[in-house]
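K.L.:
Give the three-dimensional model of this entry:
(one chain, ligands or ions: 1)
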Amino acid sequence: MTPAVRLTPEQTAFFHREGYLALGAIMTPEEVDWLKDIYDRLFERKAGREVGDQFDLGGTDEEGKDAVLPQILNPSRYAPEMRQGSFYASASGIARQLMGEEAAFQFDHAILKPARTGAATPWHQDEAYGDGAMDYPSISIWIPLQPATPENGCMQFVPGSHRWEVLPHHCIGHNPQVHGLEMDEADISTAVACPLPAGGATAHHHRTLHYTGPNLSDTPRRALVLVLGLPGVLRSEPRDFYWNRQKQTPRQERARAARRKEEALQP
Ligand code: NI
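P.N.:
Coordinates of the predicted model:
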């Protein structure tokens, strides 16, 4: 097992100044292989699709249509053995070093870019997916399960953008059926790409503007993301993230139908 990751004072200062940080491998090649098997099985068996946890992040998500950006929310709910991986403990340690001892695991998700057809994930701030009435500081630890390069869709960041407010977003392609968000207008002239080895990691603040390009390579680009943060608090001045109200996605429909089914089974 890989020992817990100790950040240097320079790395911590870099994260707070730039809003992101790239790290080398945080797990062994053997662990990457083990995780890759679990990961591929979850996508193959459409884990979570029925309850809205698996869907097309970048497309309209019709039944039977190939997804351009298959995503699974909460993959470790469908493969609890993932939690045994050393990277969960390492990610928690990184989050505590960057955010303080209160930082705790919130959720995980997986984004697969299929070989040659995987689409770009447009520029966005993660906080834009949340509730504008709340503050819930978090960071995402993004882990590729093969080398990540500009060609297959490694992470790119706009340095310092974590100090911005959450700027207006819309559904990708202005299509309310698409779950993924895109910032209306973004100055990306200073963007930095972060290639990583397999099992490496980037950490980014939930306001940092980021993007991954399309997968132009001949192999799938697998990424697992762990989100860790502080407890949410109600804001004195709520913000209106109206773009989330405008969404009408098949994913939400499936989630609602699953909840209705579960409620009907309650005694
Ligand atoms: Ni994101």
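K.L.:
Could you measure from residue 219 over to residue 113?
P.N.:
Per C-beta to C-beta, to the nearest Å, residue 219 is found 10 Å from residue 113. Heads up, the C-betas are built off the backbone N, CA and C, glycines and all.
K.L.:
what do these two both touch?
P.N.:
Between them, residue 219 and residue 113 share these contacting residues under C-beta atoms under 8 Å, 6 or more residues apart in numbering: residue 152.
K.L.:
more crowded one of the two?
P.N.:
residue 113 (27 against 13; other C-beta atoms under 10 Å).
K.L.:
Name all residues that make contact with that one.
P.N.:
The contact partners of residue 113, by C-beta under 8 Å, 6+ apart, come to 69, 119, 152, 153, 212, 214, 215, 220, 221, 223.
K.L.:
In the sheet, which residues pair with it? Tell me.
P.N.:
residue 221 (DSSP bridges).
K.L.:
same question, residue 72
P.N.:
The partner list for residue 72 in beta bridges (DSSP bridges) reads residue 54, residue 110.
K.L.:
That one contacts residue 48, correct?
P.N.:
Yes - contact criterion C-beta atoms under 8 Å: residue 72 and residue 48 qualify, at 5.6 Å.
K.L.:
for the stretch 151-267 of the chain, what spans make up the strands?
P.N.:
Under the criterion DSSP state E, counting those that start in this stretch, strands of the stretch 151-267 of the chain are mapped to 155-157, 169-171, 181-183, 192-194, 201-205, 210-212, 221-229, 233-234.
K.L.:
ok, now which ones touch residue 183?
P.N.:
Taking C-beta under 8 Å, 6+ apart as the criterion, residue 183 is in contact with 122, 123, 124, 125, 128, 167, 168, 169, 209.
K.L.:
let's see 7 Å
P.N.:
Residue 183 is in contact with 123, 124, 125, 167, 169, 209, counting by C-beta atoms under 7 Å, 6 or more residues apart in numbering.
K.L.:
quick one on the thing from earlier: ok, residue 72 and residue 48, which is more surrounded?
P.N.:
residue 72 (26 against 21).
K.L.:
Name the residues of stretch 50-65 that are buried.
P.N.:
Buried residues in stretch 50-65, defined by neighbour count with 16 or more other C-beta atoms under 10 Å: 51, 52, 53, 54, 55, 56, 57, 58, 59, 60, 61.
K.L.:
out of those residues, which one sits closest to residue 144?
P.N.:
For the buried residues of stretch 50-65, the residue nearest residue 144 by C-beta to C-beta is residue 57; the value is 16.4 Å.
K.L.:
And the closest one, its phi and psi?
P.N.:
Phi and psi for residue 57, reported as degrees, to the nearest 10, are phi -70, psi -30.
K.L.:
what residue is smack in the middle of the chain?
P.N.:
When C-alpha atoms, centre = their mean is applied to the chain, the residue found nearest the centroid is residue 225 (4.8 Å).
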